[in-house]
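Trainee: model this:
(one chain, ligands or ions: 2)
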Amino acid sequence: MKITSVEFVKSVENIVHLPKDNLKEIAFAGRSNVGKSSLINCLLNRKKIARTSSTPGKTRQLNYFKINQKFYFVDLPGYGFARAAKTEKVQWQRLIESFLTQSKNLQGVVSIIDSRIGPTKLDLQLLEWLKNLNIPIILIATKSDKLSKSALLNRVRKYSNQLSDLKLKQITPFSAINGAGKIELWREITTLMEH
Ligand SMILES: Nc1nc2c(ncn2[C@@H]2O[C@H](COP(=O)(O)OP(=O)(O)OP(=O)(O)O)[C@@H](O)[C@H]2O)c(=O)[nH]1
Ligand SMILES: [Mg+2]
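Mentor: Ligands and ions are numbered 1, 2, ... in the order given. A predicted model of the protein is given here:
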């Protein structure tokens with residue numbers, strides 16, 4: 001995908017404020033600190049259009065990025081941030097839920113897991129939920145640079161088996177550090193967008 005323009009449009013805390021221009025959307029979901037914002041920056045060839053941080057729980061709204069004036073990337077708040085206040089957790093959860101159930105333009109969700117950790121309980125909940133809602137899933141195992149090639153292969157194979165019920169096409173290893181998996185992920189995103 002040739003990126004001609006990237007624009008941060010807005011942060012949304014309540015879905016009544018979703019953009020109204022009906023452009024197609026791809027959302028990015030995963031545990032807090034898993035690397036969602038870094039992955040978005042890497043895909044868009046921008047260093048810090050999506051804010052990243054080593055402090056978990058940085059992304060607390062739905063962040064809308066308009067690409068090539070044609071479609072949106074939506075950076076979702078991370079789930080499972082242990083130190084967040086309970087009321088805050090409930091708030092984010094509600095925001096993600098209402099977004100996933102009500103966005104009319106959502107083409108699919110890039111669900112991001114940590115290649116070293118694999119799917120956690122919360123990841124599984126999200127995946128099952130997406131499946132029940134018939135929302136297409138692209139599954140990414142990020143931070144692949146932290147594992148050797150053979151360890152990575154083994155883990156990805158293991159996760160595929162663990163998730164066989166979901167009938168995913170594949171799990172794509174990815175690294176925001178060295179760009180591994182970037183071409184494959186763009187290919188998967190483009191395929192969803194063409195539907
Ligand atoms: N080694 C390595 N580190 C990564 C990678 N992706 C992200 N990180 C690091 O992981 C930390 C969290 O990254 P973010 O992109 O901010 O994670 P996030 O999922 O957006 O976090 P929240 O917005 O808090 O939910 C940062 O310190 C990143 O530098 C990767 O592919 N490899
Ligand atoms: Mg983030």
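Trainee: Every contact and neighbour count from this point should use C-alpha atoms.
Mentor: Noted.
Trainee: nearest residue to residue 47 other than its sequence neighbours?
Mentor: Computed as C-alpha to C-alpha, 6 or more residues apart in numbering, the closest residue to residue 47 that is not its neighbour in sequence is residue 41, at 5.8 Å.
Trainee: State the pLDDT value of that neighbour.
Mentor: Model confidence at residue 41, given as pLDDT, is 94.
Trainee: Also the one 4 residues further on?
Mentor: As summarised for this prediction, residue 45 has a pLDDT of 92.
Trainee: I'd assumed residue 48 was in contact with the residue nearest to residue 47.
Mentor: Yes: here residue 41 reaches residue 48: they are 6.1 Å apart, a contact under C-alpha atoms under 8 Å.
Trainee: of the two, who's got more company?
Mentor: The neighbour count for residue 41 versus residue 48, taken as other C-alpha atoms under 10 Å, is higher for residue 41 (17 against 13).
Trainee: Does residue 44 touch residue 7 like I think?
Mentor: No: if you go by C-alpha under 8 Å, residue 44 and residue 7 don't touch, sitting 10.4 Å apart.
Trainee: For the two, work out which one has more neighbours and name it.
Mentor: Comparing residue 44 with residue 7 by other C-alpha under 10 Å, the one with more neighbours is residue 44, at 22 against 13.
Trainee: how near is that one to ligand 2?
Mentor: The gap separating residue 44 from ligand 2 is 15 Å, by C-alpha to the ion, to the nearest Å.
Trainee: And residue 49, by the same measure?
Mentor: Distance from residue 49 to ligand 2, by C-alpha to the ion: 11 Å.
Trainee: How many neighbouring residues does that residue have?
Mentor: By other C-alpha under 10 Å, the burial measure for residue 49, its neighbour count, is 17.
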